[in-house]
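Chemist: no sequence on hand, only this structure:
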């Protein structure tokens, strides 16, 4: 993973989570009261709002209030430590949420951070969908920083991790044809005006 971020700036890792970890997180999500899921927004702080022309999924932030959430966040803390130790990225904290896409839900092409205008530095997406088929839709399309050709097309299969530099890769989620569950997260730095890390 360190090599992927140091090189092209993106990596796709099947079986990052094993079956037991996926099951624990799916059960954790299923135990959440429905009212805790809220329509996902775009923008941050004063500019945060919902826009169903851009995204239609629902989210719930992980707050380490269950064993499954704590285990996952401990795993991410280990990744943060390695990235800082080997790439000197200066990652300070990690935020993440469950993202539920019901049939027909999507997220249009976007960037997770704009150069010099945010503190998200490294994006992670982990999928929790068992037995996903090609005709289930919901693929993640990742684009190069410049250009319209698809760089990666990722099927949201259980256990797969996608990790990339937040400022460099526009991406979108195609409409799902069945319920699709993931954990989207971001490693952040303290200074939102810090220079971007280039691969």
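Modeler: Structure received. Computed from a predicted model, the values in this text were never measured in an experiment.

Chemist: wasn't residue 21 part of a strand?
Modeler: No. Counting by DSSP: H, G, I helix; E, B strand; the rest coil, residue 21 is not part of a strand but helix.

Chemist: now do the strands in the protein.
Modeler: Assigned by DSSP state E, the strands in the chain fall at 10-13, 38-39, 58-61, 93-101, 107-110, 120-127, 140-142, 152-154, 161-165, 171-173, 180-188.

Chemist: neighbouring contacts of the longest helix anywhere in the chain?
Modeler: Ranked by residue count under DSSP state H, the longest helix found in the chain is helix 67-87. In this structure, residues lying in contact with helix 67-87 by C-beta atoms under 8 Å, 6 or more residues apart in numbering are 1-2, 5-6, 21, 24-25, 27-28, 62-64, 89-91, 94, 96, 122, 124, 126, 163, 183, 185, 187, 197. Backbone N, C-alpha and C define where each C-beta goes, glycine included.

Chemist: rank the strands of the chain by pLDDT, which is bottom?
Modeler: Among these, strand 38-39 has the lowest mean pLDDT, at a mean of 87.

Chemist: parallel or antiparallel, list what pairs with it.
Modeler: strand 58-61 (antiparallel) (DSSP bridges).

Chemist: run a quick neighbour tally on residue 81.
Modeler: Residues near residue 81, counting by other C-beta atoms under 10 Å, number 11.

Chemist: let me fix that: residue 114
Modeler: For residue 114, the count of nearby residues is 11 (other C-beta under 10 Å).

Chemist: my guess is it meets residue 166, correct?
Modeler: No. Residue 114 lies out of contact with residue 166 (C-beta atoms under 8 Å); the separation is 9.2 Å.
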